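Engineer: Just the structure for this:
(5 chains)
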Amino acid sequence: MGVSANRKFAGSYAEDPMCGRIALYTPPSRLARLLDASLDEELESEGGPSWNVAPSQTMLALVEPRPDDSAASSEAAGRVLRAFRWGLVPYWAGDPSIGNRMINARAETVASKGAFSSALSRRRCLVVADGFYEWQRDPVNPKRKVPYYFVRADGLPLTLAGLWERWQPPDRPEALLLSCTVITTSAGPDIEFVHDRMPVVVEAPDFDRWLSRAERDPEAVLPLLRPAPAGTLRSHPVSSLVNSPRNDSPELIVEVEAPPPEEPVPTLFD
DNA sequence: CCAGACGTTGTT
DNA sequence: GTCTGG
DNA sequence: CCAGACGTTGTT
DNA sequence: GTCTGG
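Structural biologist: The predicted model follows:
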């Protein structure tokens, strides 16, 4: 058994696509086709369409299967689309709650952190998303946050640099938890007006290098962890309904009018 | 060497 | 497992 | 990331 | 303020 699951990939999907929080509503079969991957056997029972995937919930990611992996024995399958819990739980962890604090890894430091070192060498993945949300903080009133939705400008699904792990409870070796984290870097030109960080976007020509199990030298893959160049992403402001992880509907990605910036509050010294 | 931690974000 | 700190 | 809770004892 | 849960 795999991963924590909380929704079913069944029934209605958005027909067309038009970190953190992401959206993942394109059906797995279509994602696999678009990304030239095969579907993990257990995928159909894991997760479901969501416009508001939060840490601790199920994400989908591409991995290169091991040669002995059952998913690899089926046909071409250079890569497999598989379900993971968002929040990395290293296999040496005594308690899976560590995953709550491992939802991102910084590209600048990932190679020098004990918690990520092993996964960076041997367990890299590409987190698949239709889009992701970033919150713009009002410089006058930092408590006021305006959410923006980001997608690829070319309409393809996002493929975000990630790491994954397998974890087994000490007392229940049969209960396998697959988990993952999203690598972040400084914001590129498409994003910096909202936020100073962004998830690392990996482009199709780099998929094989990032996913390669044979490549165990972090130095060989770190150059891929760079901000997305201008024009990669497009974005629009969305409703603050997305703020609550309890809300989940297509309405969350609908463009709304950006609220005007808050007027500076006069102070005694103005 | 051993022991102990293993993370990022944003905010002040 | 792997890194940092002592 | 944001929202929401923030606790222990003992009893069923 | 800080931690947990989604």
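
Engineer: how close does the closest residue to DNA strand D within the stretch 151-270 of chain A get to A:Arg216?
Structural biologist: Closest residue of the stretch 151-270 of chain A to DNA strand D, CB to the nearest atom of the strand: A:Asn243 (3.0 Å). Yep, even glycine has a C-beta here, placed from its N, CA and C like the rest. Using CB to CB, to the nearest Å, we find A:Asn243 at a distance of 40 Å from A:Arg216.

Engineer: can you check A:Pro223 too?
Structural biologist: Distance of A:Pro223 to A:Arg216, given as CB to CB: 16 Å.

Engineer: right, and the helix or strand after the helix or strand of chain A with the lowest mean pLDDT?
Structural biologist: Within chain A, no helix or strand scores below helix A:70-73, which has a mean of 58 by mean pLDDT, DSSP states H and E. Next helix or strand after helix A:70-73 toward the C-terminus (DSSP states H and E): strand A:80-86.

Engineer: where does chain A have low pLDDT?
Structural biologist: A:1-18, A:70-77, A:263-270 (pLDDT under 70).

Engineer: Show me which of A:Asn243 and A:Arg216 is the more surrounded one.
Structural biologist: Using other CB atoms under 10 Å as the criterion, A:Asn243 and A:Arg216 rank with A:Asn243 on top: 15 against 11.

Engineer: List the contacts of that one.
Structural biologist: With contact set as CB atoms under 8 Å, 6 or more residues apart in numbering, A:Asn243 has these partners: A:Trp135, A:Lys145, A:Pro147.

Engineer: tell me, which of those residues make contact with DNA strand B?
Structural biologist: Among those, the residues within reach of DNA strand B (CB under 7 Å from any atom of the strand) are A:Lys145.

Engineer: Perfect, that will be all.
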